[in-house]
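Engineer: Need a 3D model of the sequence below.
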Amino acid sequence: LVSAVFICTFMLLAPLFGYLGDRYNRKFIMIGGLSVWIVTTLTSSFVTQSQFWLLLLMRSLVGTGEASYSTIAPTIIGDFFSGSKRTLMISFFYIFIPVGSGLGYIIGSRVASDLGDWRWALRINPILGVVGLILLILLVPNPTRGASDVQDGVEMERTSYLADIKYLLKNRSFVWSSLGVTAMAFVTGALAFWTPVFLSRAQVMQGIKRPCKQEPCDTSDSLVFGAVTVVTGILGVFIGTLLARLLRNRIPHADPLICGVGMLSSAPCFYLAIILAYRSIPATYVFIALGETLLALNWPLLADILLYVVVPTRRATAEALQIMVCHLLGDAGSPFLIGAISDALGKGKADSVILKFRNLEYSFLLCPFVGVLGGLFFLFTALYVTEDRKTAQQLAAGKFHPQAWRDLITRVITSKG
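Structural biologist: I've put the predicted structure just below:
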């Protein structure tokens, strides 16, 4: 429930910050969001067991801070750099998603285990947040929207929020890539939540460890999975960036092709990881590592695709809409759905170690299926990305006078579909 409250707030407020990010000072918005994140994260660590409602409130406000930063930061990077440099900088930004996720497992599990209280894990995060806030205030400027795309001082005029949404919904590359991101979020959300539990149950069934009946439980699975996530995240982002730089000059639609092939290739890896857990934990970790590496190929390319198929004055709104959709249909519901399927499979049957493992195993098989769908969505993106990129570049470069580019956008909205 705590995780769901955070994700729901993050998801629902992202469109608001997308609207603000396309119209007001982005640096100030990020400073405010990061400040809220620091205060609420620290405050939630002091909530007592009898004040569970307060913990939910604090975690929801943490989602507010996350929503402000995640929707705006990529657009600022996009305004500083273009072309291959933008891809490289975006990769540096997104490499810390798997790194942060993995370190969260490692540090959080270790701190909770050593100090005997999970609250101390929440008290370490604000320290890093304060460092980030200081760096944001001192080092990050607020560039003009489209500074790396707009030429000769041409400034694109703002449009209404409704017009922005209509434009994005008619942008086929944006729609298909957003569906691909949603499938990816579904898989990563389910993996992050259930993999340590699944591996623990597999080891219990094999007789490697005893069932945990009282907290604190053995956190070694979380530690190993976190380490795997960190390493594969860095490796995947590096490989994805390198492939994009090598292929873009020869294949204009290389980015969505890499994403599609990466997701399609990860599906059999996760399938093998699931079915081999019954026999070999090391083999399961090998295929998890391969699958996560292939998924991580996408991280530096997803934001880059959005940045070059959407005009600069609508990028924050596009980021926000994509975040809302991918969390609503992706990682906000996938852990619950996997758990619900597992519970439904075991309903009315005798509770046993083998049954609990098998039920989770069968429900986990939904992830490879969704991975295949995500790969297909990215391949559909490849069909339209070249045309949509060219349109966005023409608008941003000021090759049309104001009335002409308004007319072009109108034609895009009314003709595409």
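Engineer: And the host helix or strand of P15, what does it pack against?
Structural biologist: Using DSSP states H and E, P15 sits within helix 2-21. Counting contacts by 3 or more C-beta pairs under 8 Å, 6 or more residues apart in numbering; DSSP states H and E, helix 2-21 packs against helix 26-44, helix 52-80, helix 315-326. C-beta here means a position set from N, CA and C on the backbone, and glycine is covered the same way.
Engineer: can you do 10 Å?
Structural biologist: Identification of packing neighbours for helix 2-21 by 3 or more C-beta pairs under 10 Å, 6 or more residues apart in numbering; DSSP states H and E yields helix 26-44, helix 52-80, helix 161-169, helix 172-206, helix 315-326, helix 334-346.
Engineer: out of those helices, deepest packed?
Structural biologist: Across those, averaging neighbours per residue (mean count of other C-beta atoms under 10 Å) puts helix 315-326 on top, at a mean of 25.
Engineer: how big is the angle separating that helix from helix 2-21?
Structural biologist: Put simply, helix 315-326 runs at 160 degrees to helix 2-21, going by axes from the mean of the first three to the mean of the last three C-alpha atoms, to 10 degrees.
Engineer: Report the contact partners of L191.
Structural biologist: Shown in contact with L191 (C-beta atoms under 10 Å, 6 or more residues apart in numbering): 198, 225, 229, 270, 273, 288, 291-292, 295, 331, 334-335, 338, 364, 367.
Engineer: of these, closest to R210?
Structural biologist: Nearest to R210 among these, counting by C-beta to C-beta, is F198 at 17.0 Å.
Engineer: wait, that closest one sits on Y362?
Structural biologist: No - F198 lies out of contact with Y362 (C-beta atoms under 10 Å); the separation is 11.3 Å.
Engineer: Report the set of residues contacting both of those two.
Structural biologist: Common neighbours of F198 and Y362, using C-beta under 10 Å, 6+ apart, are 274, 342.
Engineer: pLDDT score assigned to C212?
Structural biologist: Confidence at C212, expressed as pLDDT, is 66.
Engineer: pLDDT of stretch 126-141, averaged?
Structural biologist: 85.
Engineer: contacts for it?
Structural biologist: 26-27, 30-31, 34-35, 37-43, 45, 65, 69, 73, 76-77, 79-80, 100, 103.
Engineer: buried residues in it?
Structural biologist: 126, 129, 133, 136, 140 (16 or more other C-beta atoms under 10 Å).
Engineer: Next, count neighbours for G260.
Structural biologist: Residues lying near G260 (other C-beta atoms under 10 Å) number 22.
Engineer: pLDDT weak spots in the stretch 151-300 of the chain?
Structural biologist: 151-158, 211-219 (pLDDT under 70).
Engineer: quick one, what contacts G65?
Structural biologist: 9-10, 13, 30, 32-41, 129.
Engineer: now do I95
Structural biologist: 230, 233-238, 240-241, 296, 299-300.
Engineer: now with 6 Å?
Structural biologist: By C-beta atoms under 6 Å, 6 or more residues apart in numbering, the contact list for I95 reads 234, 237.
Engineer: That one and S70, how far apart?
Structural biologist: According to C-beta to C-beta, to the nearest Å, I95 stands 15 Å off from S70.
Engineer: Also R23?
Structural biologist: Going from R23 to S70 by C-beta to C-beta gives 18 Å.
Engineer: same question, I38
Structural biologist: 16 Å.
Engineer: With V36 instead?
Structural biologist: Taking C-beta to C-beta, one finds V36 at 13 Å from S70.
Engineer: Ok, V311 next?
Structural biologist: Separation of V311 from S70 (C-beta to C-beta) stands at 20 Å.
Engineer: Which one of the buried residues of stretch 126-141 is nearest to W176?
Structural biologist: Nearest to W176 among the buried residues of stretch 126-141, counting by C-beta to C-beta, is V140 at 31.8 Å.
Engineer: how about the residue sitting nearest the centre point of the chain, what does it touch?
Structural biologist: By C-alpha atoms, centre = their mean, the chain has its centre lying nearest to A185, at 6.0 Å. Residues near A185 by C-beta under 6 Å, 6+ apart: 326, 330-331.
Engineer: Format these as a markdown table; extra columns: pLDDT and distance to L306.
Structural biologist: As requested, the contacts of A185 are exported to a markdown table (pLDDT from 0 to 100; distance: C-beta to C-beta, whole Å):
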| residue | pLDDT | distance to L306 |
| --- | --- | --- |
| C326 | 85 | 12 |
| G330 | 85 | 16 |
| D331 | 80 | 18 |
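Engineer: sorry, back to before: dump the buried residues of stretch 126-141 into TSV; add distance to L246 and secondary structure as well.
Structural biologist: Below are the buried residues of stretch 126-141 laid out as TSV (distance: C-beta to C-beta, whole Å; DSSP: H, G, I helix; E, B strand; the rest coil):
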residue	distance to L246	secondary structure
P126	41	helix
G129	37	helix
L133	37	helix
L136	33	helix
V140	30	coil
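Engineer: what about the stretch 1-150 of the chain, any weak spots by pLDDT?
Structural biologist: 1-4, 49-50, 97-99, 101-106, 108-109, 112-119, 121, 146-150.
Engineer: related to what we said a few turns ago, need the residues that contact the helix holding P15.
Structural biologist: 29, 56, 59-60, 62-64, 66-68, 71-72, 161, 316-317, 320, 323-324, 327-328, 332.
Engineer: Same question for stretch 361-376.
Structural biologist: By C-beta under 6 Å, 6+ apart, stretch 361-376 touches 180, 183-184, 186-187, 190, 260, 263-264, 266-267, 270-271, 274, 338, 341-342, 345.
Engineer: In that stretch, which residues are buried?
Structural biologist: 361, 363-364, 366-368, 370-376.
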